[in-house]
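Participant: Just the structure for this:
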Amino acid sequence: MSEVDENVEVGVLFSTDLASWQDGTACLELVSKETLDDDREWITWGVKPPLRDEPRVFLRLQAVAH
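Facilitator: Next up is the predicted model:
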């Protein structure tokens with residue numbers, strides 16, 4: 001998981017069958033990052049091979065408050 005702020009951690013999980021979920025951090029690559037006018041960021045991620053080559057890949061975000 002990556003730290004978003006000091007109170008929330010956000011991570012990504014992936015599945016190819018919607019039954020079992022695994023940490024997807026290592027399966028993602030940063031495509032682009034743009035700072036918006038109000039100091040927010042627009043970040044685009046892509047799925048890396050070999051996961052990208054799967055016929056179906058499901059992703060979900062997991063947010064954990066501390």
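
Participant: Neighbours of residue 11, how many?
Facilitator: 15 (other Cβ atoms under 10 Å). Every residue, glycine included, has its C-beta placed from N, CA and C.

Participant: What separation is there between it and residue 28?
Facilitator: The gap separating residue 11 from residue 28 is 11 Å, by Cβ to Cβ, to the nearest Å.

Participant: same question, residue 36
Facilitator: Distance, residue 36 to residue 28, by Cβ to Cβ: 21 Å.

Participant: cool, residue 10 as well?
Facilitator: Noted for residue 10: a distance of 12 Å to residue 28, by Cβ to Cβ.

Participant: Between residue 36 and residue 28, which is the more surrounded one?
Facilitator: More crowded of residue 36 and residue 28, by other Cβ under 10 Å: residue 28, with 15 against 8.

Participant: Specify the beta-bridge partners of that one.
Facilitator: When bridges are taken as DSSP bridges, the partners of residue 28 come out as residue 47.

Participant: residues contacting it?
Facilitator: Residue 28 sits next to 12, 45, 46, 47, 48 when contact means Cβ atoms under 8 Å, 6 or more residues apart in numbering.

Participant: mind redoing it with 10 Å?
Facilitator: Contact analysis of residue 28 by Cβ atoms under 10 Å, 6 or more residues apart in numbering lists 12, 14, 45, 46, 47, 48, 51, 59.

Participant: now do residue 12
Facilitator: Residues in contact with residue 12 (Cβ under 10 Å, 6+ apart) are 1-2, 23-25, 27-28, 45, 47, 59-62.

Participant: Would you map the strands across the chain?
Facilitator: For the chain, the strands defined by DSSP state E cover 2-5, 8-15, 22-23, 28-35, 41-47, 58-65.
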